[in-house]
Each structure stands twice: as C-alpha cells, then as structure tokens.
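[1] what shape does this take:
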Amino acid sequence: RIAQSGELLLSAEFGCADTDSGEPLRQDAVFRLASMTKPITAAAILLCEERGLLSVSDRLSEHLDGFSELLVYEPSGSCRPPVREITLLDLLSHTAGFGTDEDAVRLDSLKSSLRSAVRFYSENARLTFDPGSRRSYSPTAAFDLLAAVVERVSGQSIEHFAYENIFLPLGMRNSSFELTPS
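    Model prediction:
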C-alpha cells in the first residue's frame, strides 16, 4: 500500500506466496520481521531516551549486569581489556566490537529467551576490536542486548513495548516480533 496525506494511492500485491505452487501473494500474507526488528529496536531505544529512561551514551553495563569486564581477543590469541566500555550508541551503530557474531550459530541452539541470550553474551562474548574503533555488522548480539535494555528500563517486554509504542501508533495492528498460532 502506498498512501500520501492519508489518501490511498495504490493497493496491490506482487509476487508469489509459494514459488513452488505459484500461489499468488495475498494482501493478508504474513511475513517474518527478521532483520526489520533492528530498526524497530533502535526506535524503541530512542523512544526510551526521549522519555528520559536512558541515554544512548550510557554504558551497556549501567543497564545489564555482566558487561563491564568483556575482553578484546587479539588475532594472536591473547586478550586484553578494551580501551573503554561498550555504550548503547556502539550497539546501535555496530561499533561495539562484536564482529559478525561468530557464536550466533551456537547461540541459536541455546537461545530459548532474550534473558538466556543476554546471559550467553555476558558469559561468552568475545570482542574482536575496541568499542568505537571500527564498524562490523552485528546480526544478533547488539540488538538482542538493546532489546534487553528496553525491557529493563521500560518494565515491558520488547514485544509489548514495540506493539504499544511503535506498531499501534503506525496502524500496524497485526505486527509483532514473533508469529502467533493465529
């Protein structure tokens, strides 16, 4: 759908819901949000900042336990403390030092909840560079940690916070982080 100033300009579906059968895409088709949860989580963090619940310059360890003593692992095999702690802005901008989440595959088999993911990162995270020193896409760790921060400061699950504060105001009544049976 394309709308401008409240006027619907185009409503159409393109493509197939199932490429094997050729079933056409319907307007009520369900899609996984997948990586689209990243901008939604970022918006949630910024809403929390706007409400005075946090600042993007806060250290991650101010909001989540176990992140003040992470180590940078050098290619030589040695490790050392980072030059500074990870900030929320580092997580938002992929400059926290998490690299490309080498442990993501192992995490997927262990991750039963956001809480278990945060515990996994606090106990197993290996920074591949100093926070703020360079950029490397973090497909899971950074935004899992940001989602946990939203939960901590808002007192709501990330799903509920996003639904109430992002999806509903945008008219996205059928959107959520997880697929429901219905």
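
[2] for the residue nearest to the spatial centre of the chain, what are its contacts?
    Residue closest to the mean C-alpha point of the chain, counted by C-alpha atoms, centre = their mean, is residue 143 at 2.8 Å. The neighbourhood of residue 143, defined by C-beta atoms under 8 Å, 6 or more residues apart in numbering, consists of 37, 38, 41, 42, 91. Just so you know, the C-beta spots here come from the backbone N, C-alpha and C atoms, and that holds for glycine as well.

[3] need the contact list for the closest residue to the last one other than its chain neighbours.
    Looking back up the chat, that one is residue 91. Nearest in space to residue 91, with sequence neighbours left out and distances taken as C-beta to C-beta, 6 or more residues apart in numbering, is residue 142 at 4.2 Å. Contacts for residue 142 were tallied using C-beta under 8 Å, 6+ apart; they are 90, 91, 92, 94, 96, 98.

[4] could you dump these to TSV with neighbour count?
    Shown next, in TSV, are the contacts of residue 142 (neighbours: other C-beta atoms under 10 Å):
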residue	neighbour count
90	25
91	25
92	18
94	19
96	31
98	29
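
[5] just the residues you listed now: which is nearest residue 136?
    The closest of those to residue 136 turns out to be residue 94 (C-beta to C-beta; 6.1 Å).

[6] gap between the two ends of stretch 165-173?
    11 Å (C-alpha to C-alpha, to the nearest Å).

[7] thinking again about what came up before, max pairwise distance over the contacts of residue 142: which two?
    92 and 98 (12.4 Å).
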